[in-house]
Each structure stands twice: as C-alpha cells, then as structure tokens.
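K.L.:
here is my input, please return the structure:
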Amino acid sequence: QRAGDQLPPDRLAEVAFVGRSNVGKSTLINALTGRKTLARASQTPGATRQINFFDLGHRLMLADLPGYGFAKVSKTEAANWQELIFTYLRGRRSLRRALLLIDGRRGPKDSDIAVLKLLDQAAVSTLLVLTKCDEVVPKEQAAVLAAAGVEAKAHTVTLEEIIATSARTSDGIPQLRAHLYALAAP
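P.N.:
Residues are numbered from 1 along each chain as shown. As a prediction, this is how the structure comes out:
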C-alpha cells in the first residue's frame, strides 16, 4: 500500500500542522477549535503516528502531521512516517498552507530548517508559528522571533508574518484563527 492511498479525498482547502515531536501541534489544534479533546495531545513524543484530519464545518480541513525529531520509534517506522509526510506535502492539491510550529522556548532547530527546505521544494506556502510562548520571558521571545524571522526570509515559500502563540493563555490564537478563516471556503 502506497503512503498516499490512506489520505482522504482532497475536496476542501487544507492547512497542515507540521513540527517537531512535542512542539504542541495537537494542543494548538484543540486551542484553535475550542475543543479540548479534538486532537489527542500527549506528553510522549511521537504520539501522533499518522496524519489526522479534522473537518471544520465543511469549510476547512486541518491536517495534524506526525512530529519529527526525537520520537522513540524504529528506523522502518520513521522511514514510513517520512514517506507519508513527503507524499502528502508534494501531492496534495488542496493544501493551501503549512503551519510550521516552532518551540517558542528554543527557536528554529536544524530539523525545522530541513523541513523548511522540504516545504520550499514542495512549493507549499508556509507560516511560522511559535508555540509555548507563555513559558518565555519577553527578552528571550524577541530573540526567538528574530531567529525565526531570519529563517522566514531565507525560504521562498515562507510568509513574513510569524505568529507567537500560547494554548494556555490564548495569546496569538485569535490572530491564527483569522489567518485560517481567510483560507477557508466561504
């Protein structure tokens, strides 16, 4: 069975949530939708093992992709995840935007930059979203935002706008909702 065979039909505009393991993809989806358990969040890195799709009122599809990075899985399983993600990013006609989630406490890592290069190659419009920003003092957050801004400028598909979020305090959630709303079907 090929990786793309398990994807639903691409009829609605889609937004993909991409990021390292434990960056908060599922938690952010729950905060955006106002539903605590829509996407299963876990303390264990690598809990999301396939692409999970969430249909928002037949207007927009959210895709929660498996995290990359330090998940404890076999090399075969990691290769299967990677093939699924690459197939999805390259072949999805309805994909309008990728949200690359970056840990707001740490800034862009080498693995995030590698994914930005992949998104460039796949020509997927990308928005950088910083997560867990409530855990960072303003001075450190300014440094992380600056580092993310440097990466945004270095990649052709990345939007200049960067949204700093916190699922706990709801910082940035209204801005991100507005961004998604603009991509949704009328």
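K.L.:
partners of the biggest strand by length in the chain in the sheet?
P.N.:
The residue-count maximum for a strand in the chain (DSSP state E) belongs to strand 95-103. Its sheet considered, strand 95-103 pairs with strand 14-19 (parallel), strand 126-131 (parallel) by DSSP bridges.
K.L.:
how many other residues sit next to Val15?
P.N.:
When neighbours are defined as other C-beta atoms under 10 Å, Val15 has 25 of them. All C-beta spots, glycine's among them, are computed from the backbone N, C-alpha and C.
K.L.:
in this protein, where is pLDDT below threshold?
P.N.:
1-6, 36-49, 70-73, 78 (pLDDT under 70).
K.L.:
quick one, helices of it?
P.N.:
25-33, 75-91, 110-122, 138-154, 173-183 (DSSP state H).
K.L.:
so which of those helices is the most packed in?
P.N.:
helix 25-33 (a mean of 23; mean count of other C-beta atoms under 10 Å).
K.L.:
that one to helix 173-183, inter-axis angle?
P.N.:
Counting by axes from the mean of the first three to the mean of the last three C-alpha atoms, to 10 degrees, helix 25-33 lies at 80 degrees to helix 173-183.
K.L.:
which strands or helices does helix 25-33 pack on?
P.N.:
Here helix 25-33 touches strand 14-19, strand 52-56, strand 60-64, strand 126-131, helix 173-183, going by 3 or more C-beta pairs under 8 Å, 6 or more residues apart in numbering; DSSP states H and E.
K.L.:
great, nothing more from me.
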